[in-house]
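What shape does this take:
(chains A and B)
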Amino acid sequence: MTIQYTDKPIPHPALWGIIYRSSTPFWEGIKEKKLLIQKCKDCGKILHPPRPMCPGCHSTECEHIEASGKGTIYSYTTYSKSPHKSFKAPYSVVLVELDEGPRLISNMVDVKPEDIEIGMPVEVAFDKIDDDLTLYKFKKAG
Amino acid sequence: MSIKDKTAIAGIGLTEYSTGTDLTEWALASLCIKNAAEDAGITVKDIDGLVKDIDDGWDCSYVQKTLGIDNLLYSSESHWGTSSMLNAISAVASGTANNVVYYRSRKGATSDKRSPSDYRVAKETMDDSISILRIDFYEPFGLVNPVGCAAMIIQRYMNEYNIKPEQMGSVVTGITEYGAKNPLALYTDKAVTMDEYMNSEMVADPIREIECAKGVDAGIAILITRAEMAKDMKQTPAIIMSAAQGAAMNGEFFTGYNQEKMTALPEMVSMGDELYRIAGITAKDVNVAQLDDRFTPMVPMQVEALGFCGAGEGAAFCEARSLPINTAGGSLGEGFMDSNRIVEAVRQVRGTSTSQVDNAEIILYAAGAGGPADGLIIRK
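Purely as a prediction, here's the structure:
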């Protein structure tokens, strides 16, 4: 594990009473353990983070495709002291470059902070925190 | 049409820099603006424009009420850093207003003292912006503050170019040498040694505590006027050769993670190109630079982005002291405000720096490393 929680809630939009329309399908997908990435229906451009218009062709028609869930670690950091009451230090945060292109901030589920390396192949793993929140995380690709 | 040489910084106004003041941000804003007018030798009533950053300071209309300015011809708020300067300069260059003040007032030290485990504070340290990226895609994974966000870029940079910690250490030893000479650099009593650096504590790997600028309680005001008017005022004018911002489609504060070449600081590159184009100069003509050192490992990336050396050569460039950088000790010494580095750029023009560079003709200022960038080039 590269992240451990305290008994305080994990910060996420619902906790703040915020719903982002554009990213709702993404998070609905995560609940069903699917990594759905937004794609422009007209020109096929992959859009992440999700948005209401394609910056390539200005279409407002979009769909969501299931990403392969495979990628590599592009960068990472390890907090030595916790900056937040919900997380126990030390913990690591990774930036994963998906094979489809977008880079996602996430956590590793099976790698110790000191063993994380840039370029490490990874694949998605889902972590159901509670009924309201499932998070997408990554594990070392087998 | 160009803003080149049309405007000048005619006054700078500071409050005391402190680690805790009883004054409100409203009072700090009012005081620094009054001091800027005094510095320029004009009356407060001559000020007809006010600009600020959206995230800090006190609203222009309130400050107008304390200063007793009858009518404001121009006021605006900008979304990030000192691109507000660009608003002030544009307003003066276009003739919309005559004496426009860009001010920041923050109680950064006071807010740092609040419990870091309270996530409302963690949010505030993210510059208070409600951002989809942050709340939806970063915070659930514990990426909750600027140092972590910056660490992600710096880790990748050090890996891409095989940068050694000692090389990043030389940035800190260099800047704190300047800070030690500056009485206003409240966070730098003496120059940091390489041993101290190497033994210092990590915050968010590879960023060390010693590399992070701390918050300061202060107000800083910069008075911009037309260049020909500035000549008749009290101080040597700092002529603004150029001002620019860079804001890319995939940009975000410290988190332009989806920009293809993240470590090249693409927004700093486009901002710098624009600065040089307007000023009609190249990086070679710059004598002194005041760069974004909220996190000092960002400095080598900036000297590359601004064309002082090639990709991956920034750390060696800093180690060799090839250019005087942050001659008042930067935000690392004076606290995180950004505009304190504009003040030092002006001191270099006036010849009043505590580390005055001989023949300092052209000075470059930059901010916003890792996100939307902004900057200035000024001269005598």
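
How about stretch A:116-133, which residues are buried there?
By 16 or more other Cβ atoms under 10 Å in any protein chain shown, the buried positions in stretch A:116-133 come out as A:116, A:118, A:120, A:122, A:123, A:124, A:125, A:126, A:127, A:133. Just so you know, the C-beta spots here come from the backbone N, C-alpha and C atoms, and that holds for glycine as well.

Could you tell me whether residue B:220 really is in a strand?
Yes - Residue B:220: assigned to a strand according to DSSP: H, G, I helix; E, B strand; the rest coil.

what residues are up against it?
Going by Cβ atoms under 8 Å, 6 or more residues apart in numbering or on different chains, residue B:220 touches B:12-15, B:32, B:103-105, B:337, B:339-340, B:342-343.

how about the residues you listed in TSV, adding neighbour count and pLDDT?
Putting the contacts of residue B:220 into TSV (neighbours: other Cβ atoms under 10 Å in any protein chain shown; pLDDT from 0 to 100) gives the following:
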residue	neighbour count	pLDDT
B:12	25	98
B:13	22	98
B:14	21	98
B:15	22	97
B:32	25	97
B:103	29	95
B:104	27	92
B:105	27	91
B:337	25	89
B:339	27	92
B:340	27	95
B:342	26	97
B:343	22	98
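
Which one of those is nearest to chain A?
residue B:337 (21.3 Å; Cβ to the nearest Cβ).

isn't that closest one right next to residue B:219, touching?
No - with contact defined as Cβ atoms under 8 Å, residue B:337 does not reach residue B:219; the gap is 9.2 Å.

what sits in contact with each of these two?
Common neighbours of residue B:337 and residue B:219, counting by Cβ under 8 Å, 6+ apart, are B:104, B:106.

ok, which stretches of chain A are strands?
Assigned by DSSP state E, chain A shows strands spanning A:4-5, A:36-40, A:46-47, A:62-66, A:70-79, A:87-88, A:91-98, A:103-106, A:121-128, A:134-140.

now the helices for the stretch 151-300 of chain B?
B:165-181, B:194-198, B:227-230, B:266-279, B:298-305 (DSSP state H, counting those that start in this stretch).

Buried residues in the shortest one, which are they?
In this case it means helix B:227-230. Quick answer for helix B:227-230 (16+ other Cβ under 10 Å): B:227, B:229, B:230.

okay, these in a markdown table with pLDDT next?
Formatted as a markdown table, the buried residues of helix B:227-230 follow (pLDDT from 0 to 100):
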| residue | pLDDT |
| --- | --- |
| B:227 | 98 |
| B:229 | 97 |
| B:230 | 97 |
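
a markdown table for those residues, including distance to residue B:279?
Output for the buried residues of helix B:227-230, formatted as a markdown table (distance: Cβ to Cβ, whole Å):
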| residue | distance to residue B:279 |
| --- | --- |
| B:227 | 14 |
| B:229 | 21 |
| B:230 | 17 |
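
what residues does stretch A:114-130 touch?
Counting by Cβ under 8 Å, 6+ apart, A:2, A:10, A:30, A:33, A:35, A:67, A:69-76, A:78, A:92, A:94, A:96, A:108-111, A:134-142, B:155-156, B:159 sit against stretch A:114-130.

quick revisit: so which of the buried residues of helix B:227-230 also contact chain A?
Among the buried residues of helix B:227-230, no residue lies close to chain A (Cβ under 8 Å from any Cβ of the partner chain).

Closest one of those residues to residue B:250?
Nearest to residue B:250 among the buried residues of helix B:227-230 is residue B:227, at 36.5 Å by Cβ to Cβ.

does the nearest residue in space to that closest one that is not next to it in sequence count as helix, strand or coil?
Leaving aside its sequence neighbours, residue B:227 sits nearest to residue B:8 (Cβ to Cβ, 6 or more residues apart in numbering or on different chains; 4.6 Å). Three-state call for residue B:8 (three-state DSSP): strand.

hey, what's residue B:8 bridged with?
residue B:225, residue B:239 (DSSP bridges).

Do I have it right that it meets residue B:222?
No - Residue B:8 is beyond contact range of residue B:222, at 10.8 Å (criterion: Cβ under 8 Å).

still on that earlier bit, any chance of the helices of the stretch 151-300 of chain B in TSV with distance to residue B:49 as columns?
As requested, the helices of the stretch 151-300 of chain B are exported to TSV (distance: least, Cβ to Cβ, whole Å):
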stretch	distance to residue B:49
helix B:165-181	33
helix B:194-198	43
helix B:227-230	13
helix B:266-279	21
helix B:298-305	30
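
What's the local residue count around residue 61?
Using chain A here. By the measure other Cβ atoms under 10 Å in any protein chain shown, the count of residues near residue A:61 is 10.

that answer is for a different chain, and I need it for chain B
Neighbours of residue B:61 (other Cβ under 10 Å): 10.

returning to that earlier point: pick the one among the buried residues of stretch A:116-133 closest to chain B.
Of all those, chain B sits closest to residue A:118, with 4.8 Å by Cβ to the nearest Cβ.

Distance check, the closest one against residue A:97.
10 Å (Cβ to Cβ, to the nearest Å).

sorry, back to before: can you tell me which residues contact the residue nearest to residue B:227?
B:224, B:225, B:226, B:227, B:230, B:237, B:238, B:239, B:240.

Let's see that with 6 Å instead.
When contacts are counted by Cβ atoms under 6 Å, 6 or more residues apart in numbering or on different chains, residue B:8 touches B:227, B:230, B:237, B:238, B:239.

Go ahead and confirm the fourth one touches residue B:377.
No - in this structure residue B:238 lies outside contact range of residue B:377 using Cβ atoms under 6 Å: 10.3 Å.

I appreciate the help and will end here.
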